[in-house]
Every structure is written in structure tokens, then in C-alpha cells.
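>>> need the 3D shape of this:
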Amino acid sequence: MRRVAIVDDNEAWCFALACCLEQQGFEVATFQDPFQFIPVAHQFDLALVDFCIPPKRYRRDLDGAGLICEIKENLEVPPLLVLMSAFLTPDILESAKSICPSADAFISKGSGLNFILLEINQIISSRIPMEESDEPVKTEELAV
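Purely as a prediction, here's the structure:
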């Protein structure tokens, strides 16, 4: 079973996306605080990281792009790191690479849950070799 982390300050979005991913057979953990994700990042196959994560008053600022860079710099084998944002509309995703060249992929939150699930499955299947115990994840149409 593939492990997916969602790093996003929006608790409702985390809940909705986690439920959809769990229905598709993923094991999901959510983090509203990027500093809680950093020490456990190595435990995941893929992390969906929101671009805008407002800092806590008592912590340094760390947006999604910074989090991805920090993980890539400090982990020998990082998970696949996908930068997500509502600000990244589907038509400008290609230009998002200049925002965070370290990200493995980019997804627009505005694409809809069905498209997001298809993208996640495509990213995982193209970049993570399937183990014998893994079955392909079926992507069913969601009623949203």
C-alpha cells in the first residue's frame, strides 16, 4: 500500500483529499504544520505539499516550495514531492516549475478531485516501481 502525506494548512481540504485517496487504497496522513512533516517525510512514497502554508507566530516562515527544497536537500531518498496550489491554474502549471524547480510534479487544486486522483496515480506509477505486494490503484469516478 502506498503512503501519501498531505501537507496543507486547510483542514477541510486535507480531510476531503484524504478521504478520496483512502477510498482509492492509499494510506494517508495529513499535516497542517510543515515542521511536523519534516522528521517523518522519509516514511512516505509521495507528499502533496500546498504552496501557501502560513507560518505560526513563533516559527520561521516555510512555504511549500521551501519545504520541498529542505526535504530534497536533507533526505538521501525523499518521497515524490508534488507542489499543489489553488493559485496554480491548470493553464499555468508549466510556469510553476520556476517557482519550485525541486518539485517532482505540480497539481492545481482547481482541477477537481477526479483529475487530482488521476494525476497522483500517474505520478506514482511512472516514478515508483511497483512491489509484488502492491496492486494497481483503481481510480473510480467520485461523486463530488
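
>>> got phi/psi on the residue nearest to the spatial centre of the chain?
Centroid-nearest residue in the chain: residue 48, 0.8 Å away (criterion: C-alpha atoms, centre = their mean). Taking degrees, to the nearest 10, you get phi -100, psi 110 for the backbone angles of residue 48.

>>> can you give me the pLDDT of the residue lying closest to residue 20 once chain neighbours are set aside?
Setting aside the residues directly before and after it, residue 20 is nearest to residue 113 in space (C-beta to C-beta, 6 or more residues apart in numbering), at 5.3 Å. Glycine gets a C-beta too; all of them are placed from N, C-alpha and C. Residue 113 is assigned 89 on the pLDDT scale.

>>> distance check, residue 113 against residue 1.
Distance of residue 113 to residue 1, given as C-beta to C-beta, to the nearest Å: 20 Å.

>>> now swap in residue 36 and tell me
22 Å.

>>> please name every helix or strand in contact with the helix or strand containing residue 125.
Residue 125 is located in helix 113-127, with elements delineated by DSSP states H and E. Counting contacts by 3 or more C-beta pairs under 8 Å, 6 or more residues apart in numbering; DSSP states H and E, helix 113-127 is packed against helix 11-23, strand 46-50, strand 80-85, strand 105-108.

>>> using JSON lines, lay out those together with mean pLDDT and distance to residue 74.
Below are the helices and strands packed on helix 113-127 laid out as JSON lines (pLDDT from 0 to 100; distance: least, C-beta to C-beta, whole Å):
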{"stretch": "helix 11-23", "mean pLDDT": "94", "distance to residue 74": "24"}
{"stretch": "strand 46-50", "mean pLDDT": "95", "distance to residue 74": "14"}
{"stretch": "strand 80-85", "mean pLDDT": "91", "distance to residue 74": "12"}
{"stretch": "strand 105-108", "mean pLDDT": "88", "distance to residue 74": "20"}
